[in-house]
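Enquirer: Structural data only, the sequence is not supplied:
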């Protein structure tokens, strides 16, 4: 009987992360999307231009919590993968305290310089009173939004996936309910929409703080030396820089494109442009839900040099995002009336323009889905240069360049087409770049995602059911894999004893992944499973499996990441 790796454990973890992360992905988009829906319902579709005017600022807030939250959580995950709990807690401490300080500074700055912000965001005098109302109440919740989202990234890493899901669910449910109450029944209009968003962030921030009262959490606040704080902060910002650049470039891009489309089509153009971006946010909910699901998994498995695991999860994610991209492209090309209904567009003079715009823009969803996946993947495996390049050209250079060029040549039609061309041009760049880099690396990297290969190492990968019989049979099979009799005995003994111990301390365990990597100098054994943790320092019973393993192994490390127990054993 063979025990080839079937990736069922990895696939289960991906599914476990997917839906809660789907909710997390809408944190920066859904609140404003809901506001746009109710504004169009209760006030009319032309008032969507107010939301579009504020969108660059909302995107900038995304920059802050992606930079610190995603950057810090990636480094924290990698530190835990290296079994460095102290370093992981240091990243956690600096990130949470840092996001609160930055959030407070942003909130105060918006209150002091409100007029200057509105002047920068709004390009028409008619809209400024409405933009001012929305901006003021939305800005009051910035610190709560930043704190809530940042902490959510970390608790997902710590295995509290359902708590993360409930935090975002609470945020959006509160927002929806209050939108109806404040806008419809209390007639607060634009101000009511912003108030609902802010209160939703406050309530969810209070809820997610309950994490600190959980006895089984592994992330703790620790005292960090003052001399190390700046170094940790710089590392966090470097780690999150490429992904956080997405909303940063969106901020800059929207300032330019809003001004350009207002000059061509006026408020109708701005409203149509807003519907394009709100349609993209609908798609983005599903795309980001997928790509952010693979981010912590890819980071952990890449750090452990489990490149086949990285390859599996990227291929699976690519299929999912392409299905989403094709589905939504087809849906809105064939039925653009859905968007008209959602945003309550009923002016006969506006409908032909908006339908045409939606159909053109929807073509870009396929390329957008793949580009988004690639940017987050590159960030998670620390291809920072590539991630920064792709983010810059997709988020800023191509959209602005093609928009001004095509608008100059073909007017409004050219502007809408440019939004599609910029996404496919980015995808073409990634494809060509991957081909060139794979060729230059002498096949050390391969494929569209530039998956790394093991150099001068022999790798064996297995998946087995959680029973003693399979553990014994696997041990016997492994003995046949090594030419060195001593090593074959040691490796098979280590794996059998460890797996039997795992089975004994768990009432019910089904899947265990085992990876053996022979580097020549030493043999590394990685074991992953869901269930009760293993105390690798146990030595009270000299006859226990763990005590024996500690004697015959050079080193044994243990950590809990993403809700999985991870044991790494080194034999020299």
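Expert: Received it, and whenever you're ready, just let me know what you need. Because the structure is predicted, anything quoted here is derived from the model rather than measured. Numbers count the residues shown, from 1 in each chain.

Enquirer: Show the subsequent helix or strand relative to the helix or strand hosting residue 238.
Expert: Element membership of residue 238 [criterion: DSSP states H and E] is helix 226-303. Moving toward the C-terminus from helix 226-303, the next helix or strand (DSSP H and E) is helix 307-334.

Enquirer: quick check: angle from that next one to helix 226-303?
Expert: 80 degrees (axes from the mean of the first three to the mean of the last three CA atoms, to 10 degrees).

Enquirer: In terms of secondary structure, what does helix 307-334 contact?
Expert: In terms of contacts (3 or more CB pairs under 8 Å, 6 or more residues apart in numbering; DSSP states H and E), helix 307-334 is packed against helix 8-25, helix 226-303, helix 337-342, helix 351-362, helix 365-380, strand 451-452. Every C-beta, even on glycine, is put in place using the N, C-alpha and C of the backbone.

Enquirer: Go through it and flag the buried ones.
Expert: By neighbour count with 16 or more other CB atoms under 10 Å, helix 307-334 contains the buried residues 307-314, 316-318, 320-321, 324-325, 328-329, 331-332.

Enquirer: circling back: give me the mean pLDDT for the helix holding residue 238.
Expert: Helix 226-303 comes out with an average pLDDT of 80.

Enquirer: can the helices and strands packed on helix 307-334 go into JSON lines with extra columns for distance to residue 433 and mean neighbour count?
Expert: Listed next are the helices and strands packed on helix 307-334 as JSON lines, based on distance: least, CB to CB, whole Å; neighbours: other CB atoms under 10 Å:
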{"stretch": "helix 8-25", "distance to residue 433": "26", "mean neighbour count": "19"}
{"stretch": "helix 226-303", "distance to residue 433": "15", "mean neighbour count": "21"}
{"stretch": "helix 337-342", "distance to residue 433": "34", "mean neighbour count": "16"}
{"stretch": "helix 351-362", "distance to residue 433": "26", "mean neighbour count": "19"}
{"stretch": "helix 365-380", "distance to residue 433": "10", "mean neighbour count": "26"}
{"stretch": "strand 451-452", "distance to residue 433": "15", "mean neighbour count": "18"}
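
Enquirer: Quick check: residue 531 touching residue 506?
Expert: Yes - contact criterion CB atoms under 8 Å: residue 531 and residue 506 qualify, at 4.1 Å.

Enquirer: still on that earlier bit, please work out the angle formed by the directions of the helix holding residue 238 and helix 365-380.
Expert: 120 degrees.

Enquirer: Can you tell me which helices and strands the helix or strand where residue 38 lies packs against?
Expert: Following DSSP H and E, one finds residue 38 within helix 30-43. The elements that helix 30-43 packs onto, with contact taken as 3+ CB pairs under 8 Å, 6+ apart, are helix 48-65, helix 161-179, helix 189-208, helix 226-303.

Enquirer: closest one to residue 211 among the helices and strands packed on helix 307-334?
Expert: helix 8-25 (13.9 Å; CB to CB).

Enquirer: that older thread, helix 30-43 and the helix holding residue 238, what's the angle between them?
Expert: Using the same axes, to 10 degrees: helix 226-303 against helix 30-43 is 90 degrees.

Enquirer: where does this protein have low pLDDT?
Expert: Confidence mapping of the chain against pLDDT under 70 gives the ranges 1-3, 19-33, 45-46, 48, 52, 123, 454-456, 480-487, 534-552, 572.

Enquirer: make it 50
Expert: 1, 28, 539-540, 542 (pLDDT under 50).

Enquirer: okay, which residue is most central for it?
Expert: The residue lying closest to the centre of the chain (CA atoms, centre = their mean) is residue 292, at 2.6 Å.

Enquirer: Pretty sure residue 127 sits against residue 53.
Expert: Yes - in this structure, residue 127 is within contact of residue 53 by CB under 8 Å, at 6.1 Å.

Enquirer: neighbour-wise, which of these two wins?
Expert: Taking other CB atoms under 10 Å, residue 127 and residue 53 do not tie; residue 53 has more neighbours (27 against 22).

Enquirer: if I look at the more buried one, how far off is residue 135?
Expert: Computed as CB to CB, to the nearest Å, the residue 53 to residue 135 distance reads 9 Å.

Enquirer: Which neighbours do these two have in common?
Expert: Residues touching both residue 53 and residue 135 by CB atoms under 8 Å, 6 or more residues apart in numbering: residue 121.

Enquirer: Could you point out which of the helices and strands packed on helix 30-43 sits nearest residue 392?
Expert: Going by CB to CB, the one of the helices and strands packed on helix 30-43 nearest residue 392 is helix 226-303, 6.8 Å.

Enquirer: now that closest one: how far from the chain's centre is it?
Expert: 11 Å (CA atoms, centre = their mean, to the nearest Å).

Enquirer: likewise stretch 193-206?
Expert: That offset, for stretch 193-206, works out to 22 Å (CA atoms, centre = their mean).

Enquirer: got the contact list for it?
Expert: 31-32, 34-35, 38-39, 133-138, 140-141, 144-145, 147-148, 167-168, 170-179, 181-183, 188.

Enquirer: what angle separates the helix holding residue 38 from helix 189-208?
Expert: Using the same axes, to 10 degrees: helix 30-43 against helix 189-208 is 150 degrees.

Enquirer: can you list the residues that contact helix 30-43?
Expert: Against helix 30-43 from outside (CB under 8 Å, 6+ apart): 26, 47-48, 50-51, 54-55, 58, 171-172, 175-176, 179-180, 183-184, 189-190, 193-194, 196-197, 200-201, 274, 278, 281-282, 285, 342-345.

Enquirer: Stretch 169-188 now?
Expert: Residues contacting stretch 169-188 (CB under 8 Å, 6+ apart): 23, 26-27, 30-31, 34-35, 38-39, 42-43, 148, 189, 191-193, 195-197, 199-201, 203-204, 207.

Enquirer: 6 Å - rerun?
Expert: Residues from elsewhere that reach stretch 169-188, judged by CB atoms under 6 Å, 6 or more residues apart in numbering: 30-31, 34, 38, 42, 192-193, 195-197, 199-200, 203-204, 207.

Enquirer: ok, now stretch 156-164?
Expert: 20, 24, 73, 77, 152, 155, 217, 218, 219, 296, 563.

Enquirer: try it again with 7 Å
Expert: Residues outside stretch 156-164 that contact it (CB atoms under 7 Å, 6 or more residues apart in numbering): 16-17, 20, 24, 73, 76-77, 152, 155, 208, 211, 217-219, 296, 560, 562-563.

Enquirer: Ends of that stretch, what's the gap?
Expert: Using CA to CA, to the nearest Å, one end of stretch 156-164 lies 7 Å from the other.

Enquirer: Only the buried residues of stretch 459-474, if you could.
Expert: So, applying 16+ other CB under 10 Å, buried residues of stretch 459-474: 459, 460, 461, 462, 463, 464, 466, 470, 471, 473, 474.

Enquirer: Go through the residues you listed and say which is closest to residue 372.
Expert: Closest to residue 372, out of all of the buried residues of stretch 459-474 and judged by CB to CB, is residue 461, at 29.4 Å.

Enquirer: now the helices and strands packed on helix 30-43 as a markdown table including distance to residue 361?
Expert: Formatted as a markdown table, the helices and strands packed on helix 30-43 follow (distance: least, CB to CB, whole Å):
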| stretch | distance to residue 361 |
| --- | --- |
| helix 48-65 | 14 |
| helix 161-179 | 25 |
| helix 189-208 | 24 |
| helix 226-303 | 5 |
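
Enquirer: To residue 89, which of the ones you listed lies closest?
Expert: Residue 89 lies closest to helix 226-303 among those, at 10.8 Å (CB to CB).

Enquirer: Could you tell me the angle between that closest one and helix 351-362?
Expert: Using the same axes, to 10 degrees: helix 226-303 against helix 351-362 is 80 degrees.

Enquirer: Please shift the residue numbers so they start at 638 in all later answers.
Expert: Fine by me, first position is 638 from now on; the one you just mentioned is helix 863-940.

Enquirer: Just list the residues touching residue 1129, thanks.
Expert: Residue 1129 is in contact with 1112, 1115, 1116, counting by CB under 7 Å, 6+ apart.
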